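Student: Sequence first, predicted coordinates after that:
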Amino acid sequence: NNTLLSVKDLKRYFDLGKESTLKAVDGISFDIKRGETFGLVGESGCGKSTAGRTIMGLYQSTDGTVEYDGVDIHKMSEKERFGYLRNMQMIFQDPYASLNPRSTVFEIIAEPMQVHGLYKDKKELQARVHQLLEDVGLNRDHANRYPHEFSGGQRQRIGIARALSLDPDFIIADEPISALDVSVQAQVVKLLQKLQKEKGLTYLFIAHDLSMVKYISDRIAVMYLGHMVELTTSDRLYENPLHPYTSALLSAIPIPDPDIEEARERIILEGELPSPINPPSGCVFRTRCPHAMAVCAEQVPVWQEQEPGHFVACHLYQ
Ligand code: SF4
Ligand code: MG
């Protein structure tokens, strides 16, 4: 079976009291294939991080299913769950906040392995940490230093080494390069690609814009206000975006794309991102959509396969 992760109609609501509910993730579905990099893109507040955390099991889902290797993660026994969490690791946006400042790099990278009772022999553990440091482009001399002694890019490498320590199959990278300088971003992306090849990793790569995601993702899903609005291969998304929100995101990429002959006309979205507590009726994007029609306020657009492998939810195509 080629599918590693299968997400079906996943919902994650937060009860805010006084009968108000924040629908952070409101029914998203996708499969991720083994060895694939799947990009999940949308503005901050669209629910992409919540989706990642719900898939990780850090949040209980409100509805829907997450299957990993054919097993529903919310129906797992404690033991299955332990193994699941070993196979699945997360890399975070802010490597500094996610690394304990009082721990040495050695302690940071060794900790997950110690929790899981691996490499009980001290020499073996040390060799393993040194190997992981080399895998991410650092060296063994870094092991006894503290996070504050490193640059942002190096700290992200430490975070990646820690995530790799349990030899996972699947990594959720939640905006792993957003906090880094552009030049460093490319280096970290290259490192992630190299590690993917070497270790056969599958990635869910979460980002707030489309600029770097194109180069790393095989397929991309675009989210808006808790909903998925478009999903297709990364090439196709760039060449032929169908959803007006995707077009707006693409037009916001500042660096001209050499693969595209004419510069895209910048589409400025009017208005603010609506509150997910009180989302617009019909299409959630309609309050900012340049193509909104009467039907868009009345009916929720159906998620449909417009062309093979290219899904969109928009009344322009219905
Ligand atoms: Fe715009 Fe209507 Fe399509 Fe929503 S359904 S994206 S409002 S055209
Ligand atoms: Mg986020």
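Tutor: Sure, I can see it. Ligands and ions are numbered 1, 2, ... in the order given.
Student: Poorly predicted segments of the protein, please.
Tutor: Where the chain drops to pLDDT under 70, the residues are 254-264.
Student: list the helices and strands the lengthiest helix in it packs on?
Tutor: Counting residues, the longest helix in the chain under DSSP state H turns out to be helix 182-199. Counting contacts by 3 or more Cβ pairs under 8 Å, 6 or more residues apart in numbering; DSSP states H and E, helix 182-199 packs against helix 152-164, strand 202-207, helix 213-216. Quick note: C-beta positions are derived from backbone N, CA and C, even for glycine.
Student: and that helix, C-alpha only, in CSV?
Tutor: Only the C-alpha atoms of helix 182-199 are listed here, as CSV (Å, rounded to 0.1, in the frame of the first residue of the first chain):
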residue,chain,number,x,y,z
VAL,A,182,16.1,33.7,3.0
SER,A,183,19.6,32.4,2.3
VAL,A,184,19.4,30.1,5.3
GLN,A,185,15.9,28.9,4.2
ALA,A,186,17.3,27.4,1.0
GLN,A,187,20.0,25.5,3.0
VAL,A,188,17.5,24.0,5.4
VAL,A,189,15.2,23.0,2.5
LYS,A,190,18.2,21.3,0.8
LEU,A,191,19.1,19.5,4.0
LEU,A,192,15.5,18.3,4.4
GLN,A,193,15.5,17.0,0.8
LYS,A,194,18.9,15.2,1.3
LEU,A,195,17.6,13.6,4.5
GLN,A,196,14.4,12.5,2.7
LYS,A,197,16.4,10.7,0.0
GLU,A,198,18.9,9.1,2.5
LYS,A,199,16.3,8.0,5.0
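Student: Buried ones in that helix, by neighbour count?
Tutor: Residues Val184, Gln185, Gln187, Val188, Val189, Leu191, Leu192, Leu195, Gln196 are the ones in helix 182-199 that count as buried (16 or more other Cβ atoms under 10 Å).
Student: Can you tell me what sits against stretch 14-31?
Tutor: Stretch 14-31 is contacted from outside by 3, 5-13, 38, 47, 50-51, 54, 63-64, 221, 223, 225-228, 231, 276-277, 279, 303, using Cβ atoms under 8 Å, 6 or more residues apart in numbering.
Student: can you do 7 Å?
Tutor: For stretch 14-31, the external contacting residues (Cβ atoms under 7 Å, 6 or more residues apart in numbering) are 3, 5-13, 47, 50-51, 54, 64, 221, 226-228, 231, 276-277, 279.
Student: OK, contacts around the closest residue to ligand 1 within the stretch 51-200 of the chain?
Tutor: Here the residue of the stretch 51-200 of the chain nearest ligand 1 is Ala51; by Cβ to the nearest ligand atom that distance is 20.2 Å. Neighbouring residues of Ala51 by Cβ under 7 Å, 6+ apart: Leu10, Val25, Ile28, Leu40.
Student: The same query, at a cut-off of 8 Å, please.
Tutor: Listed by Cβ under 8 Å, 6+ apart, the contact partners of Ala51 are Val7, Leu10, Arg12, Val25, Ile28, Leu40, Ile206, Met223.
Student: Likewise for Lys199?
Tutor: Counting by Cβ under 8 Å, 6+ apart, Lys199 makes contact with Leu164, Asp167.
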